[in-house]
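In: fold the following and give me the result.
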Amino acid sequence: MAPRSDSSSSGIAVGAPSLEARDIVKRFPGVIALKGVSFDVRPGEVHALCGENGAGKSTLIKTLSGVHPAGSYEGDILVDGKVGSFRSTKDAQAAGVAVIYQELALVPEMTVAENVFLGNAPKKLGGVAIDWSQMIDRARRLLDQFGLDLDPLARVQGLGIGHRQLVEIAKALSKNARVIIFDEPTAALTEQEVAVLLDIIRDLRRRGIAIVYISHKLEEVFAIADRITVLRDGKSVVTFGTSSATRDDLIRHMVGREVSDLFPRRKTEAGDVLLSVRDLSVADAFGGRCLSGINFNVHAGEVLGIGGLMGAGRTELLMHLFGAFGERVGGEVHLNGQPLGPGNSPSQSVRRGLVLVSEDRKRYGLMLDRGLGFNFSLSWFCKFWRGLSILKPVDARQETQKNWQYFRSLRVKAPGLQTRVQTLSGGNQQKVVIGKALMTEPSVVLLDEPTRGIDVGAKLEVYDLINSLTEAGRAVVLVSGELPELMGMSDRIVMLAEGRVGGEFDRSGATQETLMAAAMRREPAGVH
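Out: Prediction:
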């Protein structure tokens, strides 16, 4: 059954869809991932695909792009009104369908031109040699045509993530893509890079290219999309024109209920100081000063927000406090009233009651090829250690009980503790990372971008967990690049600017203007 659509008044592109899915059903052993999903995108349109983690977005994209080949699903995929039969991603690309994933498929050692024409390079001498001059010329003309500010001879490994995204776009265009699917394209981009990317997508739309846009950042969805389709529990539940809906409407359809408050901070009474930082200065591995004169306190029952622009030192601060980054060249840190020395290690921090949830869960937080239970207990394995017993070195019963406790309390969506973490959605992976941290029974929890890349429902669960931590008398330090989140979930906010404190604000006195002014170390308009 096709989803309800009320897009007729939205001013979107009309005409036959470039790509259409009709009643797609995709089954995996023990689960039905797609339950009759219908979706289409038209020439010159940006159609956003929204839903919580596990709603079926990734499975639908893989089906539309040939990763799941014809015959492995029920229903039809149509290209320009004709039934397509994609046996592979090559078939989809030949039909004009390209996907740009969050984790980019580029070869860093190669040049921009080589990556753009990877597997599709122009040939000479009867097709036995690459025509390098033609490839570079074609790459330059393609980049110029679409206003992509790139040097075709630059090596990709020297480019920032924003420019690498542009290389992926150029690669799709080199294959004459008429439908481009963007899967979480801005997850790792700065605000400036996001603005550039959205402008390029608007230009692609003006040129008649059909765009499918997937993002958890709802402000982007409303800024760029003409229509929105919501998936929930493997079903396409609604399609509407962006101009005829609000963010609250979208969230209600995504989570299946009314959400009255996106940032439900429950105020608790502040207690004793659990973490104190005085005149902290830190040098990086090359001796350069990355943090200077940092001062703040965090009380029991309090959330201290840490904000700032990219490169301001937010992550470096948390990593240093945890004992995983930099050399302390000045200042003092006290944890639970006792000095936390400059040479403390992460294991020492954990034993003292300080734990870090890293911003990069896949790199620093998880062993993706191991099970949930293994990951939960990894950070506090010594608690289950029996000592010198050879036959039973680990108290498996106690470990299993503890793992199930966090599995259930965090509401992890998985078959069981043996499920490999790499098979979970981003939101459920984040729950495992947080559970691993809480297994250590900390007094102070450092959260570095805990909601990055997860859907609105999972975010609400993280916020509820933060409230539970402070209600239990723990202190939370929350780093976030999203000002609404920082303002909504923090009791006090410290803004960093180039490794220094640019300003400190109570929750009641913080505005986006004053926070940004502090992050940029300048006075906001009207403030003296």
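In: so which residues of the stretch 151-300 of the chain form strands?
Out: Remark: strands assigned in the stretch 151-300 of the chain by DSSP state E, counting those that start in this stretch are 179-183, 210-214, 227-232, 235-241, 273-283, 289-299.
In: tell me which other helices or strands the third one touches.
Out: Secondary structure elements in contact with strand 227-232, counted by 3 or more CB pairs under 8 Å, 6 or more residues apart in numbering; DSSP states H and E, are strand 46-50, strand 235-241, helix 247-255. C-betas here are computed from N, CA, C, even on glycine.
In: at 10 Å what do you get?
Out: Applying 3 or more CB pairs under 10 Å, 6 or more residues apart in numbering; DSSP states H and E, one finds that strand 227-232 contacts strand 31-41, strand 46-50, helix 57-64, helix 218-224, strand 235-241, helix 247-255.
In: same question, the fourth one
Out: Here strand 235-241 is seen to pack against strand 19-28, strand 31-41, strand 46-50, strand 227-232, helix 247-255 when contacts are counted using 3+ CB pairs under 10 Å, 6+ apart.
In: what do you get for the second one?
Out: Contact analysis of strand 210-214 by 3+ CB pairs under 10 Å, 6+ apart lists strand 31-41, strand 46-50, helix 57-64, strand 97-100, strand 179-183, helix 191-206, helix 218-224 as its packing neighbours.
In: with the first one instead?
Out: Contact analysis of strand 179-183 by 3+ CB pairs under 10 Å, 6+ apart lists strand 31-41, strand 46-50, helix 57-64, strand 97-100, helix 161-174, helix 191-206, strand 210-214 as its packing neighbours.
In: what angle sits between that strand and strand 31-41?
Out: 130 degrees (axes from the mean of the first three to the mean of the last three CA atoms, to 10 degrees).
In: how far does strand 179-183 sit from its chain's centre?
Out: With CA atoms, centre = their mean, to the nearest Å as the basis, strand 179-183 stands 17 Å off its chain's centre.
In: before we move on, the earlier item: with mean neighbour count as extra columns, can I get the strands of the stretch 151-300 of the chain in JSON lines?
Out: Putting those into JSON lines (neighbours: other CB atoms under 10 Å) gives the following:
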{"stretch": "strand 179-183", "mean neighbour count": "25"}
{"stretch": "strand 210-214", "mean neighbour count": "24"}
{"stretch": "strand 227-232", "mean neighbour count": "26"}
{"stretch": "strand 235-241", "mean neighbour count": "20"}
{"stretch": "strand 273-283", "mean neighbour count": "19"}
{"stretch": "strand 289-299", "mean neighbour count": "19"}
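In: columns distance to residue 91 on top of the ones you listed, output as a markdown table?
Out: Formatted as a markdown table, these follow (distance: least, CB to CB, whole Å):
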| stretch | distance to residue 91 |
| --- | --- |
| strand 179-183 | 13 |
| strand 210-214 | 18 |
| strand 227-232 | 24 |
| strand 235-241 | 24 |
| strand 273-283 | 53 |
| strand 289-299 | 49 |
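In: hey, which of the helices and strands packed on strand 210-214 is tucked in deepest?
Out: Among the helices and strands packed on strand 210-214, strand 46-50 has the highest mean neighbour count (mean count of other CB atoms under 10 Å), at a mean of 27.
In: ok, that one: who's next to it in the sheet?
Out: Paired with strand 46-50 in the same sheet, following DSSP bridges, are strand 210-214 (parallel), strand 227-232 (parallel).
In: straight-line length of stretch 367-376, end to end?
Out: 10 Å (CA to CA, to the nearest Å).
In: and that stretch, which residues are buried?
Out: Neighbour counts using 16 or more other CB atoms under 10 Å place 371, 372, 373, 374, 375, 376 of stretch 367-376 among the buried residues.
In: for the fifth one, grab phi and psi.
Out: To tie it back to what came earlier, the one meant is residue 375. phi -70, psi -40 (degrees, to the nearest 10).
In: kindly report the same for the first one.
Out: The phi and psi torsions at residue 371 (degrees, to the nearest 10) take the values phi -80, psi 170.
In: at which residues are the strands of the stretch 401-528 of the chain located?
Out: Using DSSP E, counting those that start in this stretch, strands in the stretch 401-528 of the chain cover 444-448, 475-479, 492-497, 500-506.
In: residue 311 - how many residues pack around it?
Out: For residue 311, the neighbour count with other CB atoms under 10 Å is 13.
In: you'd agree it is up against residue 290?
Out: Yes - applying CB atoms under 10 Å, one finds residue 311 in contact with residue 290, separated by 9.2 Å.
In: common neighbours of those two, please.
Out: Shared contacts of residue 311 and residue 290 (CB atoms under 10 Å, 6 or more residues apart in numbering): 498, 499.
In: coming back round to it: save the strands of the stretch 151-300 of the chain as JSON lines, and put in mean pLDDT and distance to residue 362 too.
Out: As requested, these are exported to JSON lines (pLDDT from 0 to 100; distance: least, CB to CB, whole Å):
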{"stretch": "strand 179-183", "mean pLDDT": "94", "distance to residue 362": "16"}
{"stretch": "strand 210-214", "mean pLDDT": "96", "distance to residue 362": "19"}
{"stretch": "strand 227-232", "mean pLDDT": "94", "distance to residue 362": "24"}
{"stretch": "strand 235-241", "mean pLDDT": "94", "distance to residue 362": "29"}
{"stretch": "strand 273-283", "mean pLDDT": "96", "distance to residue 362": "25"}
{"stretch": "strand 289-299", "mean pLDDT": "94", "distance to residue 362": "24"}
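In: quick one: closest of these to residue 74.
Out: strand 235-241 (14.1 Å; CB to CB).
In: CA atoms of stretch 287-299 as CSV?
Out: Provided in CSV are the C-alpha atoms of stretch 287-299 (Å, rounded to 0.1, in the frame of the first residue of the first chain):
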residue,chain,number,x,y,z
GLY,A,287,54.4,20.2,22.0
GLY,A,288,51.9,22.7,20.8
ARG,A,289,49.5,24.3,23.3
CYS,A,290,45.9,23.1,22.7
LEU,A,291,44.3,24.0,26.0
SER,A,292,45.2,27.1,28.1
GLY,A,293,43.9,28.2,31.5
ILE,A,294,40.7,26.1,31.6
ASN,A,295,38.6,26.6,34.8
PHE,A,296,35.3,25.0,35.8
ASN,A,297,33.6,22.9,38.5
VAL,A,298,31.0,20.1,38.1
HIS,A,299,28.6,19.3,40.9
